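[1] Mind looking at a prediction? Sequence and model below.
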Amino acid sequence: MRNIYTIIVFCLFAMSCSPKQSETPWLQDSAFEQVTDSAAHWLNADTLFWYGEAQSESSAYYLLATTADKQAETKSYLLETSPFSSENSIKYPHLAGKGLAFKFATTFSDSEKKALLKSALVLAKVSKDKVLKSSYVQTGNVIDALFSDSAKQVADLGATFTNKTAGPLTQFKLWAPTAMNVEVLVFDQHKKALATYPLTEDTSTGIWSAQIGKNLFEHFYQYQIKVFHNATNKIETLINTDPYSLSLSSNSEFSQVTDLSHSATKPEGWDEQIIPSIDNYEDNIFYELHIRDFSAGETALNDESVRGKYGAFSETNSFGVKHLKELKAAGLNNIHLLPTFDIGTVNEDREQRVSLQDDKAKLCKIYPEHSLCSTDIAGDTLLIDVLNSYNPESSDAQQLVSQLRQFDDYNWGYDPFHYTVPEGSYAQNPDGNARIVEFRQMVQRLHQFGFRVIMDVVYNHTHQAGLKRTSVLDKIVPGYYQRLNPQSGLIEQSTCCDNTATERTMMAKLMTDSLVVWARDYKIDGFRFDLMAHQPKDVMLKAREAVLAVDADNYFYGEGWNFGEVANNQRFTQASQLELGGTQIGTFTDRLRDAVRGGGMTESGDGIRRLQGIGNGLATLPNELRSVADSKADYLAMADILRVGLAGNLASFPLQNAAGEQVTGKDIPYGDQPAGYALDPADTINYVSKHDNQTLWDNNQYRINSNLSTDDRVRMQALSLSYPMFAQGIPFIHMGSELLRSKSFLRDSYDYGDWFNLVDFSGQSNNYNVGLPPAEKDQQNWQVINKIIQQNQGRDIVAPAHIAFSKSRFVELLNIRTSSPLFRLTTSEQINSAVSFLNTGRAQTLGLIVMKIDGSKLNADLSSKYEQIIVVFNSTGQEQKFAYNGAENYQLHPVQAASSDTLTSNNKATAKGFSVNKFSAAVFVK
């Protein structure tokens with residue numbers, strides 16, 4: 001039957017202006033045909049709002065039209081214009097003062113309102129039987145108002161299985177308040193269809209459910225949902241997986257009924273494992289790795305089938321495992337895993353994807369359009385051998401790799417498909433519970449090594465939305481889970497992809513429920529949140545509270561970058577750098593990072609080279625684009641920022657600035673923001689390299705003076721790593737930084753395969769200069785890269801001895817940090833009292849940062865081993881002497897005194913002061 005329209009009339013002034021059904025046949029088509037945007041918002045049970053609409057002329061009135069799939073009774077409701085309440089202004093600051101609000105003036109039951117939400121809604125402006133303009137209505141907020149308070153209390157969404165005395169019971173629950181009908185399609189363990197069961201809606205919660213008196217454990221299932229979808233503006237019948245999936249088939253086509261407490265989901269010894277603990281958050285040292293990167297380049301695997309897989313962590317003699325054990329022995333205590341939840345970008349069927357260990361014939365079978373397929377290279381030639389044959393100064397490698405992206409086995413994983421299931425492409429068997437067992441084996445193995453395990457989580461966006469293949473949430477409750485533009489209604493994509501609306505109750509619940517599963521059932525010890533500032537602060541605090549209830553020392557940290565449609569708290573108080581101070585939810589600090597690396601994260605070409613940092617020669621060893629004279633002001637500003645960073649980035653930290661003034665951390669500028677924003681050292685994550693942007697080695701080569709020797713470049717790398725390692729707060733290390741890791745200058749390697757992301761734990765290569773980086777990311781930098789390589793004349797090429805040297809220096813940094821709690825103070829009061837800086841103000845020596853930690857001002861338990869520590873960072877190419885009264889009472893830290901590097905072991909404390917060799921961080925203790 002042809003859809004008709006139920007007309008609900010909203011009159012601005014009086015009931016008499018409300019048209020009757022017989023007077024509005026013209027609305028039937030025109031209201032929907034003239035829609036130009038989705039600027040209307042139904043905010044709560046009684047309030048609508050039209051973004052961009054001004055007070056209307058007296059002859060106009062407003063209509064809300066809704067399509068229905070059957071004959072519907074015509075109704076009309078009086079609406080009065082209403083001020084946008086202060087409560088709404090607080091709740092929706094991005095709307096306040098930017099449109100016209102309406103309030104119902106007649107009785108309109110919640111059940112009627114809920115029924116309307118199962119249809120399309122259009123708000124039309126009408127005058128003299130003519131539609132002047134109309135807009136689709138965004139309904140996410142009113143869905144929250146009418147359903148979510150009840151729905152959020154439900155603890156068992158998804159599929160649950162019990163096998164009680166009374167008999168087996170499988171239950172399905174799906175929150176889908178706008179759906180017209182929901183059924184669950186059940187399949188056996190071979191994906192053969194068995195039965196279809198109807199679900200019944202609870203209209204108070206919007207939850208559809210069914211209880212089936214059968215043992216469906218390890219059976220697969222899908223939901224069939226009938227729902228009006230805004231992507232097509234029509235009723236759709238969709239087959240979908242469960243957003244609360246705990247297990248999935250290969251390639252996530254089916255959800256699977258499972259029980260994470262069942263023995264079939266656990267490796268041997270899972271329940272008995274010992275989980276390493278920490279005394280304080282500041283004791284954490286994070287080491288960020290990507291599961292595939294860890295073993296893709298491994299040359300000592302006993303089992304080739306675990307390359308790039310969870311199983312590689314169970315190897316006994318691989319270089320990677322041995323390396324982790326060495327770092328653990330020195331003090332490393334956390335492995336941070338890049339996304340390991342189910343992602344939408346890697347085919348989990350080994351036969352349908354390509355790795356560099358595959359040959360040309362397989363590539364051309366899967367992707368015959370690849371340029372390699374038109375060459376005369378033999379079909380049995382391995383792709384890795386083809387890449388090795390290319391001239392590293394050419395663009396050949398990046399062309400081959402770039403064309404592979406859609407079909408290869410690589411992605412960082414910031415592409416959420418299902419939030420609470422391990423990714424299948426890292427499993428040897430991605431089908432069903434097998435991937436759960438393999439993931440748990442990896443976690444258990446890391447715990448056995450003595451590491452805590454951190455998961456990188458991405459609740460700020462989904463891989464896809466609408467009706468696309470990997471869309472899940474937006475197929476079930478269209479327009480609810482994604483954050484929409486207030487005018488166009490399009491999904492905001494400031495994160496990269498389809499942003500989620502974690503300010504919505506049920507998206508926040510999904511995130512929190514998911515985190516609890518990972519912490520409780522997978523024994524994950526902490527979470528790093530991608531683009532955390534796109535989420536509300538209060539949601540993050542409540543989620544942490546829920547996680548701490550099941551894991552008392554779990555730690556949250558993430559990216560507090562302030563940008564996009566949520567910037568400056570325009571939709572809610574963000575979980576951003578400036579807002580999270582004092583919460584002990586850590587945020588990555590770009591302050592110390594930029595001071596060491598150099599700024600200009602978005603610069604290109606000579607712009608990168610011009611912006612040197614303290615770690616690569618700013619003012620002390622300028623490159624051809626800089627001079628000491630034009631670098632001095634930049635250095636002085638960066639040095640103050642660096643000092644604040646070394647003091648935990650505290651807003652209250654007292655110091656003397658470059659002008660000789662006594663200020664605090666918040667008074668030191670970082671662009672238009674304060675350098676110091678933390679209120680507690682656990683608020684701060686210090687780093688100089690992570691998966692984003694160029695590796696530390698590549699960044700330095702962009703900026704280092706071309707005449708610098710290879711040995712000194714390696715020392716610069718170790719010095720740069722010493723800043724986060726000796727800073728108050730929590731250090732964060734990018735896997736391979738200690739091995740001089742390179743990605744051949746690639747700025748963003750998220751989808752560029754093993755070739756550019758390779759890490760060689762055997763220490764034979766750092767993967768530098770293996771071809772120009774992919775054109776899509778770095779073509780504008782090719783000219784400067786070739787120029788730098790030519791100017792360096794091989795001084796940027798390292799030998800295995802250089803890699804071994806760098807690793808040894810990093811092991812020393814770990815040993816030193818963990819040797820004294822003075823490097824890991826736990827309150828702002830302790831830091832403000834004990835930490836100070838020498839060589840400050842107008843007369844400071846460039847290239848010399850001198851930090852003192854005076855434990856005598858603290859409790860005796862903090863200074864029982866060392867009463868005082870002085871760290872001298874020398875970023876110059878010469879030995880530096882720093883006069884200090886009483887220096888003879890200090891000695892070089894025992895770790896450095898025993899160093900295999902003579903320049904390190906020869907740093908001295910004498911009656912005249914401290915002598916520190918070039919590109920060194922010398923630690924003196926008393």
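    Right, received. Where do you want to start?

[2] what about the helices in the stretch 501-650 of the chain?
    Per DSSP state H, counting those that start in this stretch, the stretch 501-650 of the chain carries helices over the ranges 505-521, 537-548, 590-597, 606-610, 628-646.

[3] Look up the closest residue to Leu903, ignoring the ones flanking it.
    Of all residues not flanking Leu903 in the chain, Asn917 sits nearest, at 4.2 Å (CB to CB, 6 or more residues apart in numbering). Quick note: C-beta positions are derived from backbone N, CA and C, even for glycine.

[4] Is the one you found in contact with Thr876, as I believe?
    No - taking CB atoms under 8 Å as the definition, Asn917 is not a contact partner of Thr876, at 10.0 Å.

[5] if I look at the residue nearest to the spatial centre of the chain, how far off is Thr241?
    Nearest residue to the geometric centre of the chain (CA atoms, centre = their mean): Asp530, 1.7 Å. According to CB to CB, to the nearest Å, Asp530 stands 22 Å off from Thr241.

[6] Take stretch 374-382, keep the C-alpha atoms, and write them as PDB.
    C-alpha atoms of stretch 374-382 as PDB (Å, rounded to 0.1, in the frame of the first residue of the first chain):
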ATOM      1  CA  SER A 374      51.400  -6.900 -16.200                       C
ATOM      2  CA  THR A 375      55.100  -7.400 -15.700                       C
ATOM      3  CA  ASP A 376      57.200 -10.400 -16.800                       C
ATOM      4  CA  ILE A 377      58.200 -11.200 -13.200                       C
ATOM      5  CA  ALA A 378      57.800 -14.900 -12.700                       C
ATOM      6  CA  GLY A 379      54.600 -16.000 -10.900                       C
ATOM      7  CA  ASP A 380      56.400 -17.900  -8.200                       C
ATOM      8  CA  THR A 381      58.400 -14.800  -7.200                       C
ATOM      9  CA  LEU A 382      57.700 -13.700  -3.600                       C
END
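
[7] any residues touching it, and which ones?
    If you take CB atoms under 8 Å, 6 or more residues apart in numbering as the criterion, stretch 374-382 is touched by 356-361, 364, 386.

[8] Report the two of those residues separated the most.
    Using CB to CB, the pair of the contacts of stretch 374-382 lying farthest apart is Gln357 and Cys364, separated by 15.8 Å.

[9] Could you take the contacts of stretch 374-382 and lay them out as JSON lines, with extra columns for distance to Val457 and neighbour count?
    Output for the contacts of stretch 374-382, formatted as JSON lines (distance: CB to CB, whole Å; neighbours: other CB atoms under 10 Å):
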{"residue": "Leu356", "distance to Val457": "29", "neighbour count": "23"}
{"residue": "Gln357", "distance to Val457": "30", "neighbour count": "16"}
{"residue": "Asp358", "distance to Val457": "31", "neighbour count": "19"}
{"residue": "Asp359", "distance to Val457": "37", "neighbour count": "19"}
{"residue": "Lys360", "distance to Val457": "38", "neighbour count": "21"}
{"residue": "Ala361", "distance to Val457": "39", "neighbour count": "13"}
{"residue": "Cys364", "distance to Val457": "38", "neighbour count": "16"}
{"residue": "Val386", "distance to Val457": "37", "neighbour count": "19"}
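
[10] Where does pLDDT dip in the stretch 51-200 of the chain?
    Applying pLDDT under 70 to the stretch 51-200 of the chain flags the ranges 56-57, 67-79, 105.

[11] mind redoing it with 50?
    Filtered on pLDDT under 50, the stretch 51-200 of the chain yields the residue ranges 69-75.

[12] where does the chain have its least confident helix or strand?
    strand 4-10 (a mean of 39; mean pLDDT, DSSP states H and E).

[13] picking up where we left off before, shouldn't the residue nearest to the centre of the chain be in contact with Cys497?
    No - between Asp530 and Cys497 there is no contact under CB under 8 Å: 10.8 Å.

[14] any chance you could map the strands in the stretch 651-800 of the chain?
    654-656, 662-664, 669-670, 673-674, 684-686, 730-734 (DSSP state E, counting those that start in this stretch).

[15] Can you tell me how far Pro267 is from Leu625?
    Counting by CB to CB - Pro267 and Leu625 are separated by 55 Å.

[16] give me every residue that touches Met180.
    Counting by CB under 8 Å, 6+ apart, Met180 has contacts 69, 118, 226-228, 235.

[17] er, Lys537 actually
    Counted by CB under 8 Å, 6+ apart, Lys537 has contacts 572-576, 579-580, 583.

[18] Which single one of these is nearest to Tyr281?
    Nearest member of those to Tyr281, counting by CB to CB, is Thr583, at 11.2 Å.

[19] these two touch, right, that closest one and Asp683?
    Yes - counting by CB under 8 Å, Asp683 is a contact partner of Thr583 at 6.9 Å.

[20] more neighbours, the two?
    Neighbours were counted for Thr583 and for Asp683 using other CB atoms under 10 Å; Asp683 has more, 28 against 19.

[21] Would you agree that one is in contact with Leu578?
    No - Asp683 is beyond contact range of Leu578, at 10.5 Å (criterion: CB under 8 Å).

[22] which neighbours do these two share?
    Contacts common to Asp683 and Leu578, judged by CB under 8 Å, 6+ apart, are Tyr677.

[23] quick one on the thing from earlier: same list, the contacts of stretch 374-382, but as TSV with distance to Lys128 please.
    Below are the contacts of stretch 374-382 laid out as TSV (distance: CB to CB, whole Å):
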residue	distance to Lys128
Leu356	69
Gln357	73
Asp358	69
Asp359	73
Lys360	71
Ala361	72
Cys364	67
Val386	72
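
[24] These in helices, which ones?
    Here DSSP state H is the test, and these give 360-361, 364, 386 as lying in helices.

[25] wait, which of the residues you listed is closest to Ser209?
    Distance ranking of the ones in helices among the contacts of stretch 374-382 against Ser209, using CB to CB, places Cys364 first at 49.3 Å.

[26] Tell me which two of the contacts of Met180 sit farthest apart.
    Asp69 and Val227 (11.1 Å).

[27] Between these two, point out the one with more neighbours.
    Val227 (20 against 15).

[28] and the residue nearest to Asn333 when sequence neighbours are not counted, what does it touch?
    Counting by CB to CB, 6+ apart, Ile285 is the residue found nearest to Asn333 once chain neighbours are left out, at 5.6 Å. Counting by CB under 8 Å, 6+ apart, Ile285 touches 331-334, 730-731, 733, 814, 817-818.

[29] which stretches of this protein have low pLDDT?
    Where the chain drops to pLDDT under 50, the residues are 1-26, 69-75.

[30] which parts of the strand or helix carrying Ser89 are buried?
    Under the criterion of DSSP states H and E, Ser89 resides in helix 86-91. For helix 86-91, a neighbour-count test (16 or more other CB atoms under 10 Å) marks 88, 91 as buried.
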